[in-house]
Structure formats: C-alpha cells, structure tokens
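J.: need the 3D shape of this:
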Amino acid sequence: MAGATLNGLNHIRFAYAPVKPMSQLSSNTNLHAIAQAATFVELQSGDQDSDIAHLVAVNLARLRSLRHLSLDALARISGVSRAMLAQIESGRSVPSIRVLCRIASALQVSVPAFLRDFAMNGMELLPAHASKRLVSANGRFSSRSLLPAQRQQRVEFHEIRLQPGSIECLNSLLPGTFRNLVVSQGMLEVRANEQTQLLGPGDAIFFDADQAHSYRNPGDTEGLAYVVTHHPEA
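T.: Here you go, the predicted structure:
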C-alpha cells in the first residue's frame, strides 16, 4: 500500500443521456429508466491524473488555510518536505497514498477529504424546500437525491415516495450494483430476483439491483422510503 499512488485509482465519471422535460413524457415512461440511462465512463489516464491532482491541490490549499498553517509549518508537522507540498498544492504532482496519509494526519482530516469536490467546508446543507425532485408523469412516484451533486460518485442516496396502489418498475443496473432500502412510513412491496417482500415502517431490505425490480404500495397511505444505491467500481 505504501508504494501505491493515487494515479492507479479507478475513478469514474457519470455521463448522462439527454432527458426530456417531465411534461413531454408519456404516462408509461419509467422515471428510473431515464435516470439509469446514465452510463459509467472511465476517465482516460491523462484526464484522470489531472482531475485527481486538481482536487487534491484545491483541498490541500483550503485545509491548510483553515488550519492557518504555512507550507513550512505543515512540512514540520507532516514530515513531508516543503517542496513536495508546494508541488502538490500547485497541482504539479499527485501524492502517493502514504504521503497523503501523512498530510491528512497532520491536518486532522480523513484522506477522502482531499478527493471530493463537494462540502468544501466539511458540511453542506441540502434544504428540503430547495431540493429538486424527479416526479413521474402520473405524479404518483417521486425521488429526491439526499447527496450533493458531484462528479465522482459510487453511492447514491434517495428519498422515494409512492402513492397508494401504485407500482414503479425499475430497469436493471450494471452488474454488481446493489441497494439498501428502509421504509419510513406506510407499506412497500419490493420485488427483486423473482422474490417479493412486503415491508412496513422500520423494515429494511438488501437486494441486488442488476436485475429488473419494482416497488409497489399495497396500502392506503403514501409510502415513504430511503434507498442507498451502491454502484460497482469501474
């Protein structure tokens, strides 16, 4: 691990297909089929290195400023030379994992703090009233992302709502994708892998999402659930 560099990490970027306005979608259009039209596109090696170097550089400068540390002071605390720190902060060099761990320890942050392009101050509020929702053409199903928009994302977190008597069918995702779902209110029937499971408030389920699956609300009240989708590595 000590000799590994970030250059070898399989970072991915989402490329989204154009989506028609909801007003133009037919009533039988599957909302998730649109969202799942997104395909994983592996970055070319040069772009990958450039993106990582930029993220690390921006975050290093930000975190060092928050700690009110000069390059010399950070060099003393981390044991990483000032020249190396200057190269990393200017984006001219991608540090090895070992070097990045030493810098992270000195700044009292985790290594992932250098590799994200959201929550730049360590916290990001997503107000409910300002959140964007995807709503099906018939208005009986809605989905809201509970994570900040970001370029590199292997995990998605959504709030879903399904009206009584409604069913939402979802297309299969990439091989290796799985989901965790927990019901918050109402009832939800999950069908996946030729199995059907009825869930009530507080019930959770794990299932492979690389096959077609569906959600159905057999109750007489709105169903509310939270879904975490784990995408496979590129």
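J.: strands along the chain, start to end?
T.: Applying DSSP state E to the chain gives strands spanning 12-15, 39-42, 133-135, 141-145, 155-162, 167-170, 178-185, 188-192, 195-199, 204-208, 213-216, 223-230.
J.: just checking, what packs against the third one?
T.: Helices and strands touching strand 133-135, as assessed by 3 or more Cβ pairs under 8 Å, 6 or more residues apart in numbering; DSSP states H and E, comprise helix 31-35, strand 141-145. For the C-beta atoms, the positions are set from N, CA and C on the backbone; glycine is no exception.
J.: give me the number of residues near residue 203?
T.: Look at residue 203: counted by other Cβ atoms under 10 Å, it has 15 neighbours.
J.: need the pLDDT of it.
T.: Residue 203 is assigned a predicted lDDT (pLDDT) of 96.
J.: isn't it right next to residue 181, touching?
T.: No - between residue 203 and residue 181 there is no contact under Cβ atoms under 8 Å: 9.0 Å.
J.: name the stretch among the strands of the chain that sits most buried.
T.: strand 188-192 (a mean of 21; mean count of other Cβ atoms under 10 Å).
J.: neighbouring strands for that strand, and are they parallel or not?
T.: strand 195-199 (antiparallel), strand 213-216 (antiparallel) (DSSP bridges).
J.: the first one to strand 178-185, inter-axis angle?
T.: Strand 195-199 and strand 178-185 are oriented at 30 degrees to each other (axes from the mean of the first three to the mean of the last three Cα atoms, to 10 degrees).
J.: output the below-cut-off pLDDT ranges for this protein.
T.: The chain contains residues with pLDDT under 70 at 1-49, 117-124, 150-153, 234.
J.: longest helix anywhere in it?
T.: helix 45-66 (DSSP state H).
J.: now it: how far from the chain's centre is it?
T.: Here the centre of helix 45-66 is set off from its chain's centre by 19 Å, with Cα atoms, centre = their mean, to the nearest Å.
J.: what is that helix packed up against?
T.: Right, helix 45-66 is packed against helix 82-89, helix 97-107 by 3+ Cβ pairs under 8 Å, 6+ apart.
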